[in-house]
Every structure is written in structure tokens, then in C-alpha cells.
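Colleague: got a predicted structure plus its sequence, pasted below:
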Amino acid sequence: GKLDELAWRNATSFGDFKFAWWENGKQEQTAARMLWDNEFLYVAYECQDAHVSAVQTERDSPVYKDDCVELFTAPNPHRPFNYFNIEMNVNQAILDQHHPDGPGKSTSNWNARGIVIATSVDGTLNDDTDKDRGWVLEVAIPFANFAEVTGRPHPRDGDVWHLNLNRLGGKTNAQYSQWSPGTAKSPAFHAPDTFGRVTFSLLTSSQQAVKALKAAGYEPVSDFLQLPDDIQLGPCSAVAINSKGQLCLFHRGSQPILCFDAAGKFVRSWGDDLIGMAHGMRADSEDNVWVTDIKHHTVFKFSPIGKLLLALGTSDRPGTDTNQFNKPTDIAFGPNGDIFVTDGYENSRVIKFSRDGKFMSQWGVRGTKAGEFHLPHSIVIDAEQRVLVGDRENDRIQVFDLDGQFLEIWPGFAPYGMAIDSSQRVFIADGRASQLLRLNSEGQVDLRLGSKGHAAGQFELPHMLAIDPAGNIYLAEVGGQRFQKFRPLTGRQ
């Protein structure tokens with residue numbers, strides 16, 4: 001129930017659960033991981049929960065009324081409606097059923113055998129007077145329980161099961177979320193047609209990540225930075241590359257701006273006396289370094305050697321005036337040098353300045369309609385002079401012209417960071433899915449890489465990224481506190 005073993009730390013996460021039936025209240029996220037050997041299927045659930053509650057303690061009691069997680073599986077893909085459900089609450093009570101003929105009447109005498117559960121609660125159980133952090137449930141389920149349906153004692157490398165992971169129940173702020181979201185109008189977990197697909201593999205999560213990268217035409221590059229011994233990276237927020245191939249990194253620690261030459265040799269650092277909390281970073285056409293500071297509500301322009309050239313915003317005075325920001329997130333540059341700033345966390349707008357910092361225009365308010373934002377978090381301008389704004393909490397990119405006129409929406413991802421390569425392909429750091437995405441010209445995802453984890457090619461809150469002319473991708477991780485580099489394989493890009 002603690003998940004402190006190395007195997008769990010390296011296990012791939014299923015990513016954030018989806019709230020297909022959310023109406024109100026706080027969406028409390030669930031993260032799940034899965035491992036296996038020849039005897040057991042191991043599943044771990046990490047559940048955010050401000051008010052953990054559970055009263056059921058008996059086998060086959062209505063545990064779904066408590067804070068509860070579930071595993072539903074149709075383990076034989078040739079019999080997709082022959083499925084099992086195993087439901088478990090914080091008290092380790094189990095409700096389990098077998099439905100050989102699909103949703104409806106279950107086999108009344110079926111009970112899973114040998115299930116082992118461990119739980120831990122970060123808070124106090126059944127006490128709504130305080131605020132909890134959440135709870136963890138770890139379960140080992142013997143494969144022998146499914147052998148009659150699968151026809152074998154345990155899965156083999158490459159086997160595919162239809163499977164879903166669910167979270168529901170709770171006395172206060174009941175949750176209804178899933179890994180593979182349902183399509184019914186109201187919560188309906190007994191829906192084998194909406195189960196996801198799980199492939200059993202003998203490869204470790206690290207090996208799987210590298211294999212996926214190579215299949216997509218990339219390989220991870222380790223130790224590409226020669227970091228001085230006296231610098232310890234904090235949460236890594238952004239990265240920029242100038243015309244000489246020099247790399248600038250932005251992190252939340254001492255010496256927040258770090259610059260390296262094209263070979264990865266450390267050149268210089270600065271920013272301790274100015275930067276409160278690192279966020280966005282870009283290099284302009286003259287190799288000046290621009291950053292956003294979400295603590296002091298400012299945007300800074302530095303020369304390539306770190307001399308302060310321009311400051312936008314009013315330090316430590318957040319607001320909505322044209323000379324103020326409230327946690328600005330990113331910067332982009334128009335073809336004539338105009339400056340575009342996403343004033344993101346609070347003001348939900350884009351502000352346009354002339355190249356010398358004079359206010360020109362602004363657009364956007366908080367909302368979900370076209371032209372409205374819920375945390376504009378990243379911004380780039382493509383060769384067609386379209387302004388792409390990463391509307392993070394609305395899970396979309398909005399596209400505008402240089403004057404802020406709305407053009408279209410590209411939905412389906414959380415664009416924490418964006419970068420455009422030399423072929424004008426848009427790459428996204430999706431911090432919610434812990435993935436690196438590539439879009440086609442219509443704004444649709446044509447490549448997904450990575451999963452939540454610490455291995456090369458896995459991500460812990462990927463935040464912002466940059467791409468050099470050779471196609472090398474540099475990605476900053478807030479959660480992983482590292483920068484990763486992915487090199488294109490010869491002839492694949």
C-alpha cells in the first residue's frame with residue numbers, strides 16, 4: 001500500500017482517469033499502474049481524495065458506495081462479453097462477479113481466490129472535519145481466477161486483454177471516473193464494449209519506452225549536458241535553442257537560466273537576482289533570451305550573455321492593466337518582431353506588444369467558447385503566420401491570425417508546451433497525459449510517445465520543449481526535474 005518499491009516506481013502509468021459523467025464538484029484524479037508475473041496481475045491505484053470514507057468490511061458487500069476502485073476485464077479477446085469485475089474499497093473489502101454472457105445476471109457462486117490487498121490512507125478515514133490527501137490501494141490478483149476463460153494459466157508475451165480501471169463512490173464528493181471512458185449518458189461501468197486494451201509484455205517499462213521511440217524514428221540521448229557540480233536542477237520548466245545551436249535551460253532552482261554550447265558544454269548562468277519562479281522561455285531571431293516569471297508577474301528579455309534588455313509587466317503587482325500580468329506563461333514572436341505573451345494562469349488572455357515593448361492589443365477572457373481561454377499556457381507562430389495558443393485546461397489549441405481573429409480549434413490534448421520543427425510540424429508536451437505528441441497539418445495527433453515514469457522516453461509532467469534544426473527534441477520535465485533529448489534516427493525523419 002505504499003508503492004515505494006523500485007518496480008512500482010518504474011512501472012508505466014495508465015495516465016489520468018477520464019470523467020465522462022462529471023457534473024459538479026472537484027475532479028479528484030486517480031493514477032493506476034500495472035505489473036505482472038506468471039502468477040499474479042498486480043494493480044496499484046493512487047487516488048486523490050480530500051475526504052476518504054469507507055464503512056463496508058464484508059465480502060460482496062456494496063463496496064461501491066464507499067471510496068472504491070475496480071478492475072473489469074474480459075481476458076479472452078475472442079469472448080469480449082465474458083467479463084469479470086473485482087471491486088475493492090479502502091477497507092480492503094471485495095465485491096467480485098463473473099458475467100459469462102455479458103452485462104446482466106452474474107454467476108452467483110463465483111468468488112475470486114487468493115486476492116491480496118494492501119491500502120494506505122494519507123489522512124483520517126471517515127472524518128470530514130479535516131482534509132485528507134488521498135489513499136492508495138495495491139492488489140495482487142492470481143491469474144488462476146481467469147484460467148477457465150483464457151484457457152491458460154497465465155498470459156504470454158504479446159497477449160491482449162480487454163480491461164478497464166474505474167473509480168467511484170465516496171460519502172463526500174463521489175467520484176465516477178475511468179481509464180477508458182464510457183459512452184452512456186449516466187455512470188455505467190458494466191460496459192465491456194468500452195473496455196480498453198492491455199498488452200502483456202516481457203519488456204520493462206524502460207525497454208518499452210525506448211522501443212516506442214525507435215519505432216517512431218527517435219532515440220534517447222543520455223548525458224548530453226555537462227552540468228557543473230555545484231548546480232542541482234530543480235523542477236525543469238522550459239528550454240530554448242538559438243541560431244547557433246546553443247541551448248538555454250530554465251529551471252526552478254539556483255542559477256535558473258543555464259546556457260550550454262551545441263556540444264553540451266556549460267557556458268554561463270544567471271537569474272538568481274531577478275527570477276522568482278521559472279516558467280516559459282524562448283530565443284528570438286537575434287538570439288536574445290526571453291523568459292516568463294510567474295512569481296513576479298513579469299517577462300524579461302536578456303541578451304545572449306545575460307544582460308537585461310527589457311522588462312514587461314509590473315513586478316510583484318499582478319493585475320489586468322496593459323502594463324500588468326498575472327502569472328504570464330509563454331512568449332512568441334511575429335514575423336516583424338512583435339511580441340505575443342500568454343497571460344495565462346489568472347487573466348486568460350493574449351497580449352501583443354511591438355518589438356520595443358509597447359502595448360498593441362489583447363484578446364481573450366476566461367471561458368470555453370471560441371476565443372475564450374482557460375489557462376493559455378503556451379504559444380507559437382507558424383510559417384503561415386497563424387498564432388497557436390495552447391488552451392491548457394480546455395484541452396485544445398486555438399488558432400488565430402496575427403491580429404487575434406479566431407480561425408479554428410484543434411481539440412483533444414493538454415498543450416502544456418508547443419514547438420514547431422523545420423518542417424512546420426507542431427509538437428506538444430502534454431503534461432496531463434505524460435506524453436510527447438506530434439500533430440498533422442489539420443491539428444490531429446499522428447504520433448504519441450511516452451507514458452508516466454522515470455525511464456528515458458517516459459515523462460513526469462512534461463512541460464515545455466524546443467526543437468533544433470537537425471530535428472533533435474529537447475523536453476523539460478517539472479515533475480521529473482530533468483531535461484531529455486531525443487535524436488532523430490538517420491533517414492527516419
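Modeller: Structure received. Model, not experiment: these values are computed from the prediction. Numbers count the residues shown, from 1 in each chain.
Colleague: from residue 274, how far off is residue 319?
Modeller: According to C-beta to C-beta, to the nearest Å, residue 319 and residue 274 sit 20 Å apart. The C-beta positions use only the backbone N, C-alpha and C, and glycine is treated the same way.
Colleague: what segments of the stretch 1-150 of the chain are helices?
Modeller: Taking DSSP state H, counting those that start in this stretch as the criterion, the stretch 1-150 of the chain carries its helices at 6-10, 147-150.
Colleague: and whatever helix or strand comes next after the shortest one, what does it pack against?
Modeller: Using DSSP states H and E, the helix or strand that directly follows helix 147-150 along the chain is strand 160-169. Applying 3 or more C-beta pairs under 8 Å, 6 or more residues apart in numbering; DSSP states H and E, one finds that strand 160-169 makes contact with strand 30-36, strand 40-48, strand 68-74, strand 175-178, strand 196-199.
Colleague: now distance to residue 467, mean pLDDT and mean neighbour count too, for those, in JSON lines please.
Modeller: Formatted as JSON lines, the helices and strands packed on strand 160-169 follow (distance: least, C-beta to C-beta, whole Å; pLDDT from 0 to 100; neighbours: other C-beta atoms under 10 Å):
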{"stretch": "strand 30-36", "distance to residue 467": "29", "mean pLDDT": "94", "mean neighbour count": "20"}
{"stretch": "strand 40-48", "distance to residue 467": "33", "mean pLDDT": "97", "mean neighbour count": "22"}
{"stretch": "strand 68-74", "distance to residue 467": "39", "mean pLDDT": "98", "mean neighbour count": "24"}
{"stretch": "strand 175-178", "distance to residue 467": "34", "mean pLDDT": "92", "mean neighbour count": "24"}
{"stretch": "strand 196-199", "distance to residue 467": "30", "mean pLDDT": "95", "mean neighbour count": "15"}
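Colleague: looking at these, which is closest to residue 54?
Modeller: Evaluated over those, closeness to residue 54 peaks at strand 68-74, with 7.7 Å, by C-beta to C-beta.
Colleague: what pairs with that closest one, parallel or antiparallel?
Modeller: Using DSSP bridges, strand 68-74 pairs in its sheet with strand 83-89 (antiparallel), strand 160-169 (antiparallel).
Colleague: what comes into contact with that strand?
Modeller: Residues from elsewhere that reach strand 68-74 (C-beta atoms under 8 Å, 6 or more residues apart in numbering): 30, 32, 43, 45, 47, 54, 64, 80-90, 137, 139, 141, 146, 161-170, 189-190, 192, 195.
Colleague: relative to strand 30-36, how tilted is it?
Modeller: Angle between the axes of strand 68-74 and strand 30-36 is 50 degrees (criterion: axes from the mean of the first three to the mean of the last three C-alpha atoms, to 10 degrees).
Colleague: next secondary structure after the lengthiest helix in the chain?
Modeller: As assigned by DSSP state H, the longest helix anywhere in the chain is helix 205-215. For helix 205-215, the following helix or strand on the C-terminal side (DSSP H and E) is strand 218-221.
Colleague: parallel or antiparallel, list what pairs with that next one.
Modeller: When pairing is defined by DSSP bridges, strand 218-221 lines up against strand 482-488 (antiparallel).
Colleague: and the average pLDDT for the strand it pairs with is what?
Modeller: Throughout strand 482-488, pLDDT has a mean value of 96.
Colleague: now do it and helix 205-215, the angle between them.
Modeller: 40 degrees.
Colleague: in a markdown table, list the helices and strands packed on strand 160-169 along with distance to residue 107.
Modeller: As requested, those are arranged in a markdown table below (distance: least, C-beta to C-beta, whole Å):
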| stretch | distance to residue 107 |
| --- | --- |
| strand 30-36 | 24 |
| strand 40-48 | 20 |
| strand 68-74 | 14 |
| strand 175-178 | 24 |
| strand 196-199 | 23 |
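Colleague: which one of those strands lies nearest to residue 21?
Modeller: Taking C-beta to C-beta, strand 175-178 is the member of the helices and strands packed on strand 160-169 nearest to residue 21, at 4.9 Å.
Colleague: who does the closest one touch, helix- and strand-wise?
Modeller: Using 3+ C-beta pairs under 8 Å, 6+ apart: strand 175-178 touches strand 160-169.
Colleague: need the CA coordinates for the strand it packs on. CSV is fine.
Modeller: C-alpha atoms of strand 160-169 as CSV (Å, rounded to 0.1, in the frame of the first residue of the first chain):
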residue,chain,number,x,y,z
VAL,A,160,-4.1,-8.7,-25.2
TRP,A,161,-6.9,-8.4,-22.6
HIS,A,162,-9.9,-6.2,-22.8
LEU,A,163,-9.8,-4.3,-19.5
ASN,A,164,-10.9,-1.2,-17.6
LEU,A,165,-10.0,0.5,-14.4
ASN,A,166,-12.6,2.5,-12.5
ARG,A,167,-13.0,4.8,-9.5
LEU,A,168,-16.3,5.5,-7.8
GLY,A,169,-18.1,6.1,-4.6
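Colleague: what comes up buried for that strand?
Modeller: 161-169 (16 or more other C-beta atoms under 10 Å).
Colleague: what of stretch 385-396?
Modeller: For stretch 385-396, using 16+ other C-beta under 10 Å, the buried residues are 387-396.
Colleague: what's the average pLDDT for stretch 362-382?
Modeller: 97.
Colleague: distance between it and the chain's centre?
Modeller: Taking C-alpha atoms, centre = their mean, to the nearest Å, one finds stretch 362-382 lying 19 Å from the centre of the chain it belongs to.
Colleague: what's the end-to-end length of that stretch?
Modeller: By C-alpha to C-alpha, to the nearest Å, the extent of stretch 362-382 from end to end equals 19 Å.
Colleague: in it, what counts as buried?
Modeller: 362-364, 372-381.
Colleague: where does pLDDT dip in the chain?
Modeller: Along the chain, the model assigns pLDDT under 70 to residues 108, 491-493.
Colleague: now, the buried residues of stretch 385-396 that are in strands?
Modeller: 387-391, 396 (DSSP state E).
Colleague: how about these in JSON lines, adding distance to residue 247?
Modeller: Below are these laid out as JSON lines (distance: C-beta to C-beta, whole Å):
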{"residue": "387", "distance to residue 247": "25"}
{"residue": "388", "distance to residue 247": "23"}
{"residue": "389", "distance to residue 247": "25"}
{"residue": "390", "distance to residue 247": "22"}
{"residue": "391", "distance to residue 247": "28"}
{"residue": "396", "distance to residue 247": "30"}
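Colleague: tell me the one of the residues you listed nearest residue 291?
Modeller: Using C-beta to C-beta, residue 390 is the member of those that sits closest to residue 291, with 17.2 Å.
Colleague: was I right about that closest one contacting residue 376?
Modeller: Yes. At 6.7 Å, residue 390 and residue 376 qualify as touching, with contact defined as C-beta atoms under 8 Å.
Colleague: spit out the residues that contact the two alike.
Modeller: With contacts taken as C-beta under 8 Å, 6+ apart, residue 390 and residue 376 have residue 342 as neighbours in common.
Colleague: burial of the closest residue to residue 110 other than its chain neighbours, as a residue count?
Modeller: Distances taken as C-beta to C-beta, 6 or more residues apart in numbering place residue 98 nearest to residue 110, at 4.0 Å, with adjacent residues excluded. As a burial measure, residue 98 scores 20 neighbours (other C-beta atoms under 10 Å).
Colleague: my guess is residue 98 contacts residue 81. True?
Modeller: No. Residue 98 is beyond contact range of residue 81, at 12.0 Å (criterion: C-beta under 8 Å).
Colleague: just the closest of the buried residues of stretch 385-396 to residue 301, please.
Modeller: Nearest member of these to residue 301, counting by C-beta to C-beta, is residue 387, at 19.5 Å.
Colleague: can you tell me the closest non-neighbouring residue to that closest one?
Modeller: Using C-beta to C-beta, 6+ apart, the nearest residue to residue 387 is residue 400, at 4.4 Å.
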